[in-house]
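dropping the sequence and predicted coords here.
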Amino acid sequence: LRDKHDVDDAIFLVDGAVPLHRACDKHGLDFRYERHGNRNSVERVFREIKRRTTSFSNCFSNAKAGTANEWLRSFAFAWNQLI
């Protein structure tokens, strides 16, 4: 995380998994245990990203890389026009 992101002032929201607490302690990362709240919101976002990625992969599993790339570019353009 430190190689790719500025996490010096970040606070990681973690659940009750002891290995997560140990990993944060070992690497000097600040963390806060949360059973509900913001952590659940973040998990919902990641769950949705995983669902969409899997769906995309299923639709384009037999497509050439260029075809999938062109479709993504077209979709991104259309999406950005709506916003």
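Sure thing, it's come through. Numbers count the residues shown, from 1 in each chain.

which elements pack onto the helix or strand of the chain with the lowest mean pLDDT?
The helix or strand with the lowest mean pLDDT-type score in the chain, counting by mean pLDDT, DSSP states H and E, is helix 38-59 (a mean of 83). Secondary-structure packing of helix 38-59 (3 or more CB pairs under 8 Å, 6 or more residues apart in numbering; DSSP states H and E): strand 11-14. For glycine as for every other residue, the C-beta is placed from the backbone atoms N, C-alpha and C.

which parts of the following helix or strand past the strand it packs on are buried?
Sequence order places helix 18-26 as the next helix or strand after strand 11-14, per DSSP states H and E. Buried residues in helix 18-26, counted by 16 or more other CB atoms under 10 Å: Cys24.

ok, back up a step: what does the least confident helix or strand of the chain rub up against?
13-15 (CB atoms under 8 Å, 6 or more residues apart in numbering).

report the buried members of those.
13-14.

export the contacts of helix 38-59 to a markdown table and append columns for pLDDT and distance to Asn58.
Shown next, in a markdown table, are those (pLDDT from 0 to 100; distance: CB to CB, whole Å):
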| residue | pLDDT | distance to Asn58 |
| --- | --- | --- |
| Leu13 | 87 | 31 |
| Val14 | 88 | 31 |
| Asp15 | 85 | 29 |
